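Visitor: got a sequence here, can you model it:
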Amino acid sequence: MDVVETSPIYETDPAGVTDQPSFLNLAVSADTDLSPHDLLAAVKRIEWAIGRRPTYRWGPRVVDIDLLLYGDEVVSEPDLLIPHKEMLNRAFVLVPLADIAPQAVHPLAGMTVEALRGQAPGLGTVRRYQ
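Guide: Numbering: from 1, shown residues only. Sure thing, here's the model as predicted:
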């Protein structure tokens, strides 16, 4: 896997469980020969190596890596949904993603990431980090 581009880092207030520190979010574009499922397995190994351990839903975590898009593919499996099922509702996802892939088209919404960012709920809560 080769990293192609990385967005700036953004800070957002936590969602779900709000009694925890702010989250730092960024997006990464990478080239890979891995299948979507193999990429998910690789991501889970990276999270574990960094120190992520199971806690509770929306609780504090060291790292959380989500697969947002995989080219124009749609994957709908019990253990993997691509595009990420909540990305259209998350400005903290769409803002950094638009920095590195503004013209990428969401394969289900049929809109560019840049257009989706413009209508994302909570857009004003995403702050560039330093």
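
Visitor: for the protein, longest helix please?
Guide: Using DSSP state H, we find that the single longest helix of the chain is helix 36-50.

Visitor: list the helices and strands it packs on?
Guide: strand 80-82 (3 or more C-beta pairs under 8 Å, 6 or more residues apart in numbering; DSSP states H and E). Quick note: C-beta positions are derived from backbone N, CA and C, even for glycine.

Visitor: go again with 10 Å.
Guide: Here helix 36-50 touches strand 75-77, strand 80-82, going by 3 or more C-beta pairs under 10 Å, 6 or more residues apart in numbering; DSSP states H and E.

Visitor: of all the ones you listed, which one is nearest Val62?
Guide: strand 80-82 (21.8 Å; C-beta to C-beta).

Visitor: tell me the strands beside that closest one, with direction?
Guide: Strand 80-82 has the following strand partners under DSSP bridges: strand 75-77 (antiparallel).

Visitor: okay, the helix or strand that contains Ala98 in PDB with CA atoms only?
Guide: Using DSSP states H and E, Ala98 sits within helix 91-100. These are the backbone C-alpha positions of helix 91-100, laid out as PDB (Å, rounded to 0.1, in the frame of the first residue of the first chain):
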ATOM      1  CA  ALA A  91     -18.600  16.800   8.100                       C
ATOM      2  CA  PHE A  92     -15.600  15.600  10.100                       C
ATOM      3  CA  VAL A  93     -15.200  13.000   7.300                       C
ATOM      4  CA  LEU A  94     -16.100  15.100   4.300                       C
ATOM      5  CA  VAL A  95     -14.000  18.100   5.100                       C
ATOM      6  CA  PRO A  96     -10.600  16.400   5.100                       C
ATOM      7  CA  LEU A  97     -11.700  14.000   2.300                       C
ATOM      8  CA  ALA A  98     -12.600  17.000   0.100                       C
ATOM      9  CA  ASP A  99      -9.100  18.400   0.700                       C
ATOM     10  CA  ILE A 100      -7.500  15.400  -1.100                       C
END
